[in-house]
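Engineer: build me a structure from this.
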Amino acid sequence: MPDLVLWDIDHTLMATRGLGGQLWAAAFEQVTGVALRKQADVTGSTERVILRETARLHDLPYSDELFTRFADALGTLHVRRAAELRERGHALPGAAAVLAALADHGVRQSVVTGNVRQAAEVKLAVFGLDSYLELGDGAYGEDGDERPELLRVALARADVPAAAAVFLGDTPADIAGGLAAGVRVVGVATGRTPAAELRDAGAHAVLDGLADTGRVLAAIGA
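Structural biologist: Numbers count the residues shown, from 1 in each chain. Just a heads-up that it's a prediction; the model follows:
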């Protein structure tokens, strides 16, 4: 049984049904004064990287100060529109049951996500998933650029060695990040990446979804 299970959020535990993109565009325009024309590829990236590359697409200068203002704006927008997020989005089938089952087994859980922390906390709260997670042990978009860095931050915060942790995610970037950090990686084919591609990326196990709690626990090793 692992000491720590770490979860990606978007398309692994939940779907926001397009609202996340709308909030991102609104925050971008708020802090840059420029309407979003095109967003950099978001698959498996962190908000810091997405903002930097999107600013470049708009011929705008990027700075850490810009990211800080963007993170504050994006988090605030999630708070203000939490009710809409609850109405439009949803936790993926089986997500709450798996989190609850792991909690019943005494397994500590947190998140590793490219989301800024406030946005992540709002998403998890509106879908009733936050009570199963030790969010202080997680890592977020403010903590680095790439998945391996975020995973190492989370492991350090939880004081758990990589060999005793499992990470679940839905993209090849999640798989590559987990492998680079030395944790067991479970691919969940609930996003845009098919199961075969997650398997080819090197995932130790691949799931079609989270609906079968027993199968998920077996893949995790709990």
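
Engineer: which strands and helices sit next to whichever helix in the chain runs longest?
Structural biologist: Across the chain, the longest stretch assigned as helix under DSSP state H is helix 64-80. Applying 3 or more C-beta pairs under 8 Å, 6 or more residues apart in numbering; DSSP states H and E, one finds that helix 64-80 contacts helix 19-32, helix 47-57, helix 117-126. Just so you know, the C-beta spots here come from the backbone N, C-alpha and C atoms, and that holds for glycine as well.

Engineer: chain center to the next helix or strand after that helix: distance?
Structural biologist: As assigned by DSSP states H and E, the chain's next helix or strand after helix 64-80 is helix 82-88. Computed by C-alpha atoms, centre = their mean, to the nearest Å, the chain-centroid distance of helix 82-88 equals 18 Å.

Engineer: over to stretch 186-194?
Structural biologist: Stretch 186-194 has its C-alpha centroid displaced from the chain centroid by 13 Å (C-alpha atoms, centre = their mean).

Engineer: can you point out the buried residues in that stretch?
Structural biologist: By neighbour count with 16 or more other C-beta atoms under 10 Å, stretch 186-194 contains the buried residues 186-191, 193.

Engineer: could you dump those residues into JSON lines and include secondary structure?
Structural biologist: Putting these into JSON lines (DSSP: H, G, I helix; E, B strand; the rest coil) gives the following:
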{"residue": "Val186", "secondary structure": "strand"}
{"residue": "Gly187", "secondary structure": "strand"}
{"residue": "Val188", "secondary structure": "strand"}
{"residue": "Ala189", "secondary structure": "coil"}
{"residue": "Thr190", "secondary structure": "coil"}
{"residue": "Gly191", "secondary structure": "coil"}
{"residue": "Thr193", "secondary structure": "coil"}
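
Engineer: just to revisit the earlier point, the helices and strands packed on helix 64-80: which one's closest to Gly141?
Structural biologist: helix 47-57 (3.7 Å; C-beta to C-beta).

Engineer: coming back round to it: which of the helices and strands packed on helix 64-80 is buried the deepest?
Structural biologist: A comparison of those by mean neighbour count, using mean count of other C-beta atoms under 10 Å, puts helix 117-126 on top with a mean of 22.

Engineer: for it, packing partners?
Structural biologist: In terms of contacts (3+ C-beta pairs under 8 Å, 6+ apart), helix 117-126 is packed against helix 64-80, helix 82-88.

Engineer: which residues are contacting the longest one?
Structural biologist: When contacts are defined by C-beta atoms under 8 Å, 6 or more residues apart in numbering, helix 64-80 is touched by residues 23-24, 26-28, 30-32, 47-48, 51-52, 55, 85, 116-119, 122-123, 141-142.
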